[in-house]
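A.B. asks: quick one, fold the following:
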Amino acid sequence: MALFLTVSDWWMALERPEQIFWVTALVFSLLLLIQFILSLTGLGFDDDTDGYTSGHDHDFSIFSVRSIIAFFAFLGWTGVLMLGVGLNLWLAVLLGLLMGGIAMFLVAYLIFWFSRLGQESNLQAHDTLYQKGEVYTTIPPARTGKGRVMVKARHVLREWEAMTDGPAIPTGAAIWVADVLDDNVLLVTTE
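C.D. replies: As a prediction, the model looks like this:
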């Protein structure tokens, strides 16, 4: 008599619903792992099916390849765990669907949040046009030198080089961005 079960003995001892949950959990967990490794190596796919588009505003979409894979992985593992502790099949399915739905929503939200974060990190000087800010280091008069200003655009506060056509603008003064000069230098005026 063998002391240890083989994998095939263990598999044959499972009922059909448990086998389905195990296959779902293992297959979709493997897909999640592959996606994670591809993302770390930079080989992951960043197409419209995942809510990523280059240079465009991103809308929240719950349906993407990543969120659907997360749904099935969590559905499978929840089903395995619930049947493992002796819960009724229908309750295990219901809890699996609930946990899968939560995982799907969270992954979709994270994709949306990271895409917005990436968009905000690509802030351009022209995004600061007509925005208010504050002088960080004194700006010399009549374009004779550059100072630095803090300007908030697209919910991001960033430091920029700045010049003015008028008199010198001291540190701490309120400014307004009137134009963007060559080399992304802001032309500012006092408010």
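A.B. asks: so who does the residue nearest the centre of the chain touch?
C.D. replies: Nearest to the geometric centre of the chain sits Phe114, at 1.7 Å (Cα atoms, centre = their mean). Residues in contact with Phe114, defined by Cβ atoms under 8 Å, 6 or more residues apart in numbering, are absent; none qualify. In this view, the C-beta of every residue, glycine as well, is placed from N, C-alpha and C.
A.B. asks: roughly how far is the host helix or strand of it from the heart of the chain?
C.D. replies: Secondary structure assigned from DSSP states H and E places Phe114 in helix 89-121. In terms of Cα atoms, centre = their mean, to the nearest Å, the centre of helix 89-121 is set 12 Å apart from its chain centre.
A.B. asks: distance between the next helix or strand after that helix and the chain's centre?
C.D. replies: Heading C-terminal from helix 89-121, the first helix or strand you meet, by DSSP H and E, is strand 132-137. Averaging C-alpha positions (Cα atoms, centre = their mean) puts strand 132-137 30 Å from its chain's average.
A.B. asks: which strands and helices sit next to strand 132-137?
C.D. replies: Strand 132-137 is packed against strand 147-153, strand 156-163, strand 174-180, with contacts defined by 3 or more Cβ pairs under 8 Å, 6 or more residues apart in numbering; DSSP states H and E.
A.B. asks: do that again at 6 Å, thanks
C.D. replies: Taking 3 or more Cβ pairs under 6 Å, 6 or more residues apart in numbering; DSSP states H and E as contact, the helices and strands that strand 132-137 lies on are strand 147-153, strand 174-180.
A.B. asks: need the winner for burial among those.
C.D. replies: Sort those by mean neighbour count, taking mean count of other Cβ atoms under 10 Å, and strand 147-153 sits at the top with a mean of 20.
A.B. asks: Phe28 against Phe72, yeah?
C.D. replies: Yes. The pair Phe28 / Phe72 is scored as a contact, 4.1 Å apart, by Cβ atoms under 6 Å.
A.B. asks: so where's this protein uncertain?
C.D. replies: 1-3, 43-60, 116-122 (pLDDT under 70).
A.B. asks: let me see the domain layout of it.
C.D. replies: According to automatic domain parsing, the chain comprises the domains 7-121, 125-190.
A.B. asks: now do the last one: distance to the chain's middle.
C.D. replies: Offset of domain 125-190 from its chain centre (Cα atoms, centre = their mean): 31 Å.
A.B. asks: kindly report the same for the first one.
C.D. replies: When C-alpha coordinates are averaged (Cα atoms, centre = their mean), domain 7-121 and its chain have centres 16 Å apart.
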